[in-house]
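Participant: The following block contains a protein sequence and its predicted model.
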Amino acid sequence: MAMRLQDGTRVWVCGASSGIGAALARELAGRGCRVAASARRADRLDELAGSARGEVVPVPVDVTDREAMMAAGEAVRERFGAIDLAILNAAYWGGFSVEAWDTEVIRRHFDTNVIGMAHGIEAVLADMRRRRSGAIAGMASLAGYRGLPRSEAYGATKAAEINMLESLRIDLRPYGIAVHTICPGFVHTELTARNTFRMPFIMEADDAARRIARGLERGRAEIAFPLPMLLLMKTAKMVPVRLWAEAFRLVPPRS
Ligand SMILES: NC(=O)c1ccc[n+]([C@@H]2O[C@H](COP(=O)([O-])OP(=O)(O)OC[C@H]3O[C@@H](n4cnc5c(N)ncnc54)[C@H](OP(=O)(O)O)[C@@H]3O)[C@@H](O)[C@H]2O)c1
């Protein structure tokens, strides 16, 4: 379902205090959308609201807090009248190591990334169903396509998000609600700043935001980029399971 991202389209961006979310909030506000920006760091949201070209309303919230997310969704609707597009982008990334297996690290990833996304969906779904319109865009990652080294926590959440959004797309079709799955490759943000390994085809957050906005306007079910990384990961999907781990024998281990 194509959508217009201009002239007062009402958008809620979760995870908007930095990186891709902040760039998206700026991009959409610059196009004339009314943007509500959520994350925990209220000072960053205020900065964003002050510097963006167009309307950005800070709505600070922790996505792991269900009640607070329901209240935040309500606050956005009160301000804008309704939410046309919810972009659920908040995420946590921490290192992971099998040498120091810690289920709490996995729980933290799932609480923020998967449960946080589920809270975002819950906060907008009833109203969108009632209005029989709206769109939900979930930020997953090409890292969710296959199991990657040291990605037992983060990668698993991204695979779960891809699957959840795919099911949601089927179930929301009868309600006229669009569901978009966003799968970027590497993007320069705070999340990737700590990576010490080479990140192929890495791009700037503003570039990613423009590609995402374009994909949403064209009504793409999956917005995945950049093309070389997408092709690499689509090909990787076809590698038989028994050969996948073998292939990593050729890759030097990360420190
Ligand atoms: N960078 C990449 O290479 C890349 C590639 C593929 C996918 N992605 C995905 O893109 C999305 C954005 O990541 P990014 O790279 O832009 O990283 P980022 O700059 O670290 O942004 C993460 C955002 O999530 C928010 N957030 C984290 N925990 C939260 C919580 N509990 N409640 C509310 N907000 C929370 C952060 O805000 P506060 O800390 O202020 O709460 C921040 O605004 C993520 O879903 C990530 O998985 C990134």
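Facilitator: That came through, no problem. Numbers count the residues shown, from 1 in each chain.

Participant: so which helix or strand takes in the closest residue to residue 134 other than its chain neighbours?
Facilitator: Closest residue to residue 134 apart from its sequence neighbours, by Cβ to Cβ, 6 or more residues apart in numbering: residue 128 at 3.4 Å. For glycine as for every other residue, the C-beta is placed from the backbone atoms N, C-alpha and C. Following DSSP states H and E, one finds residue 128 within helix 116-131.

Participant: So which bits of that helix are buried?
Facilitator: For helix 116-131, a neighbour-count test (16 or more other Cβ atoms under 10 Å) marks 116-121, 123-125, 128 as buried.

Participant: To which secondary structure element type does the nearest residue to residue 222 once chain neighbours are set aside belong?
Facilitator: Among residues not flanking residue 222 along the chain, residue 181 sits closest, at 4.9 Å (Cβ to Cβ, 6+ apart). Classification of residue 181 using DSSP: H, G, I helix; E, B strand; the rest coil returns strand.

Participant: can you pull the contacts of residue 181?
Facilitator: 137-138, 140, 161-162, 165-166, 169, 221-223 (Cβ atoms under 8 Å, 6 or more residues apart in numbering).

Participant: and the closest residue to residue 2 other than its chain neighbours, what does it touch?
Facilitator: Leaving aside its chain neighbours, residue 2 sits nearest to residue 219 (3.9 Å; criterion: Cβ to Cβ, 6+ apart). Residues near residue 219 by Cβ under 8 Å, 6+ apart: 1-3, 178.

Participant: tell me the pLDDT at residue 219?
Facilitator: At residue 219, the model reports a pLDDT of 97.

Participant: rewinding a little: which among the contacts of residue 181 gets closest to residue 241?
Facilitator: residue 162 (17.2 Å; Cβ to Cβ).
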